[in-house]
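Participant: turn this into a structure:
(one chain, ligands or ions: 1)
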Amino acid sequence: GAAELGPYRHYMQKEIFEQPRAIADTLEGVQGIVPALFGDGAAQVFEQIDSVLILACGTSYYSGCTAKYWLESVAKIPTQVEVASEYRYRESVPNPRQLIVTISQSGETADTLAALRHAQSLGHAHTLTICNVATSAMVRECALAYITRAGVEIGVASTKAFTTQLAGLFLLTLALAQAKGHLSAAQEAAHLQAMRHLPVALQAVLALEPQIIGWAEDFARMQNALFLGRGLHYPIALEGALKLKEISYIHAEAYPAGELKHGPLALVTSAMPVVTVAPNDALLEKLKSNMQEVRARGGVLYVLADADTRIESSEGLHVIRMPEHYGALSPILHVVPLQLLAYHTACALGTDVDKPRNLAKSVTVE
Ligand code: G6P
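Facilitator: Presented below is the predicted three-dimensional model:
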């Protein structure tokens with residue numbers, strides 16, 4: 001009811017603003033990277049496995065897509081990510097040394113549970129879940145688990161569950177990196193320090209809300225939107241597009257920026273806003289040339305630019321500058337303005353933000 005909502009208009013807005021607390025709770029008690037964070041027997045499992053297969057649906061699938069970049073770059077572990085409903089119904093080649101990782105807010109999603117059971121039936125014994133509900137079927141049925149502490153999520157469009165999953169997945173990355181000899185004590189300390197800074201960093205990003213509201217006024221007049229990202233931020237572009245679709249009903253799709261010229265550029269006009277996630281990483285210069293391609297076709301850019309990138313607002317180019325440069329944890333920060341953009345666009349359009357049409361919070365039947 002209204003009392004629980006406090007100063008917020010919707011649960012989704014409340015949950016977006018709870019993220020600093022949700023991440024702090026999820027990381028509470030993590031003094032160092034030890035396999036036991038994931039349960040008894042994790043040390044032996046982490047030693048034995050040679051690759052990771054992540055299975056999930058919806059927003060949880062996109063946290064898995066982000067984790068693939070971390071697992072391959074930081075832990076050097078070959079990683080696949082697959083939508084649960086695809087994996088469960090196709091013939092695949094099982095590898096008993098592979099770690100199956102399911103990701104689920106509810107722990108009850110029918111396709112994700114079925115995908116887990118399918119993997120087990122193929123002989124996969126090493127299973128781990130990143131899950132927000134400790135008492136769920138998913139946690140009961142996986143050998144290992146990391147429980148995120150987002151708290152109850154009511155808005156159908158997932159927000160704090162996503163960022164806490166990313167925090168859990170980054171811990172898993174560090175634990176696997178350590179098990180495989182790719183994490184020095186100094187690196188461990190630096191990563192943990194960066195993780196402990198997340199709540200403060202998130203707070204500063206949430207303070208960008210007034211600027212995002214300005215963007216949302218433009219988006220509420222659009223029928224389509226394109227989201228671009230590269231590398232680690234391509235899944236964040238996917239999640240940004242999903243959020244906008246789910247609650248504002250505006251058609252949105254995401255592309256890895258390098259694919260722009262292989263199709264979506266044909267759609268770019270002044271009626272197609274292009275959101276670009278532009279962290280200051282090795283791909284920034286390439287992203288800048290993708291942005292020029294959009295401008296040359298009259299497309300209007302909405303850029304989330306890193307603190308120290310020299311991208312300035314100009315005609316057809318709207319820049320919101322992120323407060324800091326976050327390194328590997330950058331996706332956890334960059335998704336927040338995209339959540340707020342979807343939220344405020346939906347508010348401007350007057351949709352039922354917490355219960356969007358045709359969607360359910362948890363899909364427990366196929
Ligand atoms: C539904 C929800 C999404 C969620 C997905 C997976 O589609 O609307 O917000 O991401 O299910 O749910 P899970 O509980 O498995 O994370």
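Participant: going by C-alpha atoms from here, please, whenever you check contacts or count neighbours.
Facilitator: Fine.
Participant: all the strands of this structure, residue numbers only.
Facilitator: Under the criterion DSSP state E, the chain contains strands at 51-56, 79-83, 98-104, 127-131, 144-147, 224-229, 251-256, 274-278, 301-305, 317-321.
Participant: out of those strands, which is closest to the ligand?
Facilitator: Proximity of the strands of the chain to the ligand was assessed by Cα to the nearest ligand atom; the nearest stretch is strand 98-104, lying at 3.5 Å.
Participant: who does the closest one touch, helix- and strand-wise?
Facilitator: On a contact count with 3 or more Cα pairs under 8 Å, 6 or more residues apart in numbering; DSSP states H and E, strand 98-104 meets strand 51-56, helix 58-73, helix 110-121, strand 127-131.
Participant: if we can go back for a sec, closest to Lys68 out of the strands of the chain?
Facilitator: strand 79-83 (5.6 Å; Cα to Cα).
Participant: gap between the closest one and the chain center?
Facilitator: 14 Å (Cα atoms, centre = their mean, to the nearest Å).
Participant: rewinding a little: just say which of the helices and strands packed on strand 98-104 is most tucked in.
Facilitator: Looking across those with neighbours counted as mean count of other Cα atoms under 10 Å, the highest average goes to strand 127-131: a mean of 27.
Participant: show me what it is in contact with.
Facilitator: Strand 127-131 has contacts (Cα atoms under 8 Å, 6 or more residues apart in numbering) with 38, 99-107, 138-139, 142-148, 165, 168-169.
Participant: who are the contact partners of Thr112?
Facilitator: Residues counted as contacts of Thr112 (Cα under 8 Å, 6+ apart) are 55-57, 84-85, 102, 104.
Participant: for it, report the pLDDT, please.
Facilitator: If you check Thr112, the pLDDT there is 98.
Participant: distance of Arg230 from Gln292?
Facilitator: 15 Å (Cα to Cα, to the nearest Å).
Participant: and these two? which has more neighbours close in?
Facilitator: More neighbours surround Arg230 than the other of Arg230 and Gln292, with 23 against 13 (other Cα atoms under 10 Å).
Participant: re earlier: closest to Leu208 out of the strands of the chain?
Facilitator: Leu208 sits nearest to strand 317-321 of all the strands of the chain, at 8.0 Å, using Cα to Cα.
Participant: what residues does the stretch 151-300 of the chain put near the ligand?
Facilitator: Within reach of the ligand by Cα under 6 Å from any ligand atom, the stretch 151-300 of the chain has these residues: 156-158.
Participant: now tabulate those residues in CSV and tack on pLDDT and neighbour count.
Facilitator: Below are those laid out as CSV (pLDDT from 0 to 100; neighbours: other Cα atoms under 10 Å):
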residue, pLDDT, neighbour count
Val156, 94, 18
Ala157, 96, 29
Ser158, 97, 23
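Participant: out of the contacts of strand 127-131, which are buried?
Facilitator: Among those, those classed as buried by neighbour count (16 or more other Cα atoms under 10 Å) are 38, 99-107, 138-139, 142-148, 165, 168-169.
Participant: mean pLDDT and distance to Gly240 added to the strands of the chain, as a markdown table?
Facilitator: Shown next, in a markdown table, are those (pLDDT from 0 to 100; distance: least, Cα to Cα, whole Å):
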| stretch | mean pLDDT | distance to Gly240 |
| --- | --- | --- |
| strand 51-56 | 98 | 17 |
| strand 79-83 | 98 | 18 |
| strand 98-104 | 98 | 18 |
| strand 127-131 | 98 | 21 |
| strand 144-147 | 98 | 24 |
| strand 224-229 | 95 | 7 |
| strand 251-256 | 96 | 8 |
| strand 274-278 | 91 | 9 |
| strand 301-305 | 94 | 12 |
| strand 317-321 | 94 | 15 |
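Participant: dump these to TSV, plus distance to Tyr343.
Facilitator: Formatted as TSV, the strands of the chain follow (distance: least, Cα to Cα, whole Å):
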stretch	distance to Tyr343
strand 51-56	24
strand 79-83	25
strand 98-104	22
strand 127-131	24
strand 144-147	27
strand 224-229	15
strand 251-256	14
strand 274-278	15
strand 301-305	16
strand 317-321	17
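Participant: quick one: residues contacting Asp306.
Facilitator: 278-280, 321-325.
Participant: highest neighbour count among the residues you listed?
Facilitator: For the contacts of Asp306, the largest neighbour count, defined by other Cα under 10 Å, is 29 neighbours, found at Pro279.
Participant: quick one: least confident of the contacts of Asp306?
Facilitator: Comparing the contacts of Asp306 by pLDDT, Asn280 comes last, at 72.
Participant: give the contact list for it.
Facilitator: By Cα under 8 Å, 6+ apart, the contact set of Asn280 is 305-306, 308-309, 325.
Participant: and which of the residues you listed is nearest Thr66?
Facilitator: Each of the contacts of Asn280 was scored against Thr66 by Cα to Cα, and His325 proved nearest at 17.6 Å.
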